[in-house]
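K.L.:
3D, please:
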Amino acid sequence: DDVESRGLGDVYKRQILSCTVKCYKKKQERRYSMEHNVFSDITPDIVRLADLSRQAGIIEQELFTKYEVKRGLRDLNGKGVLAGLTTISDVRANKIVNGEQVPTHGELFYRGYNVKDLVKGFTADGRFGFEEVAYLLLFDALPDAEELSKFKDLLGFYRSLPTSFVRDIIMKAPSRDMMNTLARSVLTLYSYDDRADDTSLENVLRQSLQLISLFPMLAIYGYQAYAHYHDGKSLYIHPPIAELSTAENILHILRPDSSYTPLEAKILDVALVLHMEHGGGNNSTFTTHVVTSSLTDTYSVIAAAIGSLKGPRHGGANIKVVRMFDDMMHEVSDWENEDEVREYLARLLHKDAFDHAGLIYGLGHAVYSKSDPRAVIFKSYVEKLSQEKGLEKEFALYSLVERLAPQVIEEERQMYKGVSINVDFYSGFVYKMLGLPEELYTPIFAMARIVGWSAHRMEELANNGKIIRPAYKPIHDDMPYIPLADR
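P.N.:
Residues are numbered from 1 along each chain as shown. Next up, the predicted model:
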């Protein structure tokens with residue numbers, strides 16, 4: 001329009017338009033070249049060297065049997081190798097009958113208290129349980145009313161990030177993976193701690209309480225930053241409210257309008273309690289023991305535990321469950337037709353459906369065989385939330401798969417022990433009903449498990465044990481040195 005207003009000819013106007021297009025293209029090319037990281041490329045040289053590494057790393061499978069190696073630190077029956085003692089929790093899945101160990105319905109105990117009784121106790125009184133159970137796991141005692149109130153105040157006091165931390169750390173270079181964001185933030189907090197390397201119990205407790213308080217903010221603010229810069233969503237940074245419970249603060253911080261129903265907060269609170277602790281042998285908690293035994297700082301220990309939990313074999317299973325059900329709902333025309341659902345489950349095992357991995361996600365556990373107590377406790381709350389959200393048909397499908405999947409697995413595969421749903425089966429469905437983004441599913445697991453990690457770190461330090469150093473048997477032949485000119 002400006003060209004025409006100045007009376008310039010069509011030729012000149014086309015030249016200007018051509019120049020504008022070329023400049024735009026060059027700008028886009030420069031932008032791509034800036035975004036494309038050549039150091040992330042897998043080049044032919046890398047492929048060649050990786051093949052050499054793969055060949056060098058392969059060990060004949062029969063050697064593991066020959067030398068009685070307990071791979072995964074478990075025996076052939078799945079029982080873990082005894083590597084330590086703990087008073088923090090107990091995972092029970094067997095009982096002794098006539099001198100023999102037989103599978104039984106799973107039970108989970110926190111400091112000697114059955115988790116089922118703990119959940120029943122605080123929900124019956126209309127209380128949130130996260131803070132109360134955190135106190136129990138850390139100090140081996142159920143708090144009275146005054147102790148619980150003071151503990152809540154202490155967590156509220158620590159629920160504050162250093163000045164400009166959100167702007168300078170979280171908002172810069174946001175990662176697409178919130179577990180990486182969480183680990184980076186935890187490691188950065190080391191720089192803000194005047195006593196970062198002090199491993200006295202008093203100081204480690206202080207650091208642990210701070211991390212328990214800050215985990216929701218670190219993860220959710222990281223998500224908000226990523227959603228804003230990468231997805232163009234509005235940016236919301238809500239400060240926590242000291243008077244709210246951990247579950248309420250998670251929903252308050254995450255949601256644009258900070259609103260939530262009492263049932264939503266209650267169920268999220270129960271989910272946090274059920275994920276807080278699960279014995280010393282699970283991968284991330286054992287990582288906590290191993291790294292703590294080197295006497296490194298708290299931030300390094302917890303970052304290592306986060307790295308373990310991030311792995312899809314450990315903390316990411318509920319996302320797979322949700323995506324599997326999304327595919328099932330698309331592929332199965334009648335969700336109430338048992339034959340059709342059974343056929344889909346068989347296709348999963350035959351690698352003909354979903355991700356072709358041959359797995360029914362949310363089924364099976366390293367310890368539990370007849371039932372996972374966390375899933376049993378959780379199910380009734382899941383049903384209530386599905387009714388509030390109008391998702392009864394979806395819940396009915398989950399219940400149907402819960403009943404049919406073990407039957408299909410037993411028909412299709414040779415089983416050495418029973419199989420049942422685990423806590424991941426329903427937790428992803430709950431998070432989806434709560435409107436939580438998938439990017440936060442595993443960080444929510446971390447928001448709960450940081451309590452268990454902290455308790456185990458304290459226990460490892462209190463017992464002043466040796467550095468954990470298991471044995472690896474070398475099986476390579478001795479080789480004579482070859483001069484470079486002769487190779």
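K.L.:
quick check: buried residues in the lengthiest helix in the chain?
P.N.:
Of all segments of type helix in the chain, defined using DSSP state H, the longest is helix 201-231. Buried residues in helix 201-231, defined by neighbour count with 16 or more other CB atoms under 10 Å: 203-228. For every residue, glycine as well, the C-beta is placed using N, CA and C.
K.L.:
where in the chain is pLDDT low?
P.N.:
The chain contains residues with pLDDT under 70 at 1-34, 416.
K.L.:
in it, spot the strand with the most residues.
P.N.:
For the chain, the longest strand by residue count, based on DSSP state E, is strand 100-110.
K.L.:
how about the strands in the stretch 1-150 of the chain?
P.N.:
For the stretch 1-150 of the chain, the strands defined by DSSP state E, counting those that start in this stretch occupy 89-97, 100-110, 113-114.
K.L.:
quick one, which of these is nearest to S308?
P.N.:
strand 89-97 (17.4 Å; CB to CB).
K.L.:
just checking, what packs against the closest one?
P.N.:
strand 100-110 (3 or more CB pairs under 8 Å, 6 or more residues apart in numbering; DSSP states H and E).
K.L.:
so which elements touch the strand it packs on?
P.N.:
Strand 100-110 packs on strand 89-97, helix 115-124, helix 130-139, helix 373-389, going by 3+ CB pairs under 8 Å, 6+ apart.
K.L.:
once you drop chain neighbours, what's closest to I467?
P.N.:
Once flanking residues are discounted, I467 sits nearest to S293: 4.7 Å by CB to CB, 6 or more residues apart in numbering.
K.L.:
isn't the one you found up against R457?
P.N.:
No: checked against CB atoms under 8 Å, the pair S293 and R457 is beyond contact range at 10.0 Å.
K.L.:
please say which of the two ends up with more neighbours.
P.N.:
R457 (25 against 19; other CB atoms under 10 Å).
K.L.:
ramachandran coordinates for the more buried one?
P.N.:
Reported as degrees, to the nearest 10, the phi and psi values for R457 are phi -60, psi -40.
K.L.:
count the neighbours of D177 for me.
P.N.:
14.
K.L.:
which ones are touching it?
P.N.:
When contacts are counted by CB atoms under 8 Å, 6 or more residues apart in numbering, D177 touches K310, E439.
K.L.:
how deep is A357 tucked in, by neighbour count?
P.N.:
13.
K.L.:
SS state for it?
P.N.:
The local conformation at A357, judged by DSSP: H, G, I helix; E, B strand; the rest coil, is coil.
K.L.:
gap between the closest residue to it other than its chain neighbours and I421?
P.N.:
Distances taken as CB to CB, 6+ apart place K351 nearest to A357, at 6.9 Å, with adjacent residues excluded. Using CB to CB, to the nearest Å, we find K351 at a distance of 21 Å from I421.
K.L.:
so for those two, which sits in the more crowded spot?
P.N.:
Taking other CB under 10 Å, K351 and I421 do not tie; I421 has more neighbours (28 against 12).
K.L.:
shouldn't the more buried one be in contact with Y368?
P.N.:
No: with contact defined as CB under 8 Å, I421 and Y368 do not form a contacting pair (9.5 Å).
K.L.:
circling back to that earlier point, let's have the strands of the stretch 1-150 of the chain in JSON lines, adding distance to E248.
P.N.:
Shown next, in JSON lines, are the strands of the stretch 1-150 of the chain (distance: least, CB to CB, whole Å):
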{"stretch": "strand 89-97", "distance to E248": "25"}
{"stretch": "strand 100-110", "distance to E248": "22"}
{"stretch": "strand 113-114", "distance to E248": "24"}
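K.L.:
among those strands, which comes closest to P483?
P.N.:
The closest of the strands of the stretch 1-150 of the chain to P483 is strand 89-97. By CB to CB, the value is 56.2 Å.
K.L.:
buried ones in the closest one, by neighbour count?
P.N.:
By neighbour count with 16+ other CB under 10 Å, strand 89-97 contains the buried residues S89, V91, R92, A93, N94.
K.L.:
so which of the residues you listed is the closest to F378?
P.N.:
Taking CB to CB as the measure, F378 lies nearest V91 of the buried residues of strand 89-97, at 16.2 Å.
K.L.:
bridge partners for the closest one, pull those for me.
P.N.:
For V91, the beta-bridge partners under DSSP bridges are L108.
K.L.:
for the one 10 residues further on, same thing?
P.N.:
On the basis of DSSP bridges, Q101 takes part in beta bridges with I96.
K.L.:
surely it touches K95?
P.N.:
Yes: counting by CB under 8 Å, K95 is a contact partner of Q101 at 7.4 Å.
K.L.:
list of residues touching stretch 461-474?
P.N.:
With CB under 8 Å, 6+ apart as the criterion, stretch 461-474 contacts 67, 69, 73, 83-84, 199, 201, 204, 289-290, 292-295.
K.L.:
thinking again about what came up before, do you know how far the residue nearest to I467 is from K266?
P.N.:
S293 is 38 Å from K266, by CB to CB.
K.L.:
try H330
P.N.:
For H330, the distance to K266 - CB to CB - is 31 Å.
K.L.:
who has more neighbours out of those two?
P.N.:
K266 (23 against 8).
K.L.:
helices and strands around the one helix or strand that one maps to, which ones?
P.N.:
Assigned by DSSP states H and E, K266 belongs to helix 262-275. Contacts defined by 3+ CB pairs under 8 Å, 6+ apart place helix 262-275 against helix 115-124, helix 130-139, helix 246-254, helix 373-389, helix 424-433, helix 441-462.
K.L.:
can you put these in TSV and add distance to K310?
P.N.:
Output for the helices and strands packed on helix 262-275, formatted as TSV (distance: least, CB to CB, whole Å):
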stretch	distance to K310
helix 115-124	25
helix 130-139	22
helix 246-254	19
helix 373-389	20
helix 424-433	15
helix 441-462	6
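K.L.:
S164: which of the ones you listed is closest?
P.N.:
helix 246-254 (18.3 Å).
K.L.:
residues in contact with G121?
P.N.:
With contacts defined as CB under 8 Å, 6+ apart, G121 has no neighbours.
K.L.:
and F286, what element?
P.N.:
Assigned by DSSP H and E, F286 belongs to helix 283-292.
K.L.:
other residues contacting that helix?
P.N.:
Contact with helix 283-292 is made by 83-84, 277-280, 300-302, 304-309, 311, 313-315, 449, 452-453, 456-457, 460-461, 468, as judged by CB under 8 Å, 6+ apart.
K.L.:
these in helices, which ones?
P.N.:
Going by DSSP H, the helices hold 300-302, 304-309, 449, 452-453, 456-457, 460-461 from those.
K.L.:
of these, buried ones?
P.N.:
300-302, 304-306, 308-309, 449, 452-453, 456-457, 460-461.
K.L.:
tell me the phi and psi of the nearest residue to W335 once chain neighbours are set aside?
P.N.:
Of all residues not flanking W335 in the chain, L397 sits nearest, at 4.6 Å (CB to CB, 6+ apart). With angles defined as degrees, to the nearest 10, L397 sits at phi -70, psi -40.
K.L.:
try N282
P.N.:
The phi/psi pair for N282 (degrees, to the nearest 10) reads phi -60, psi 160.
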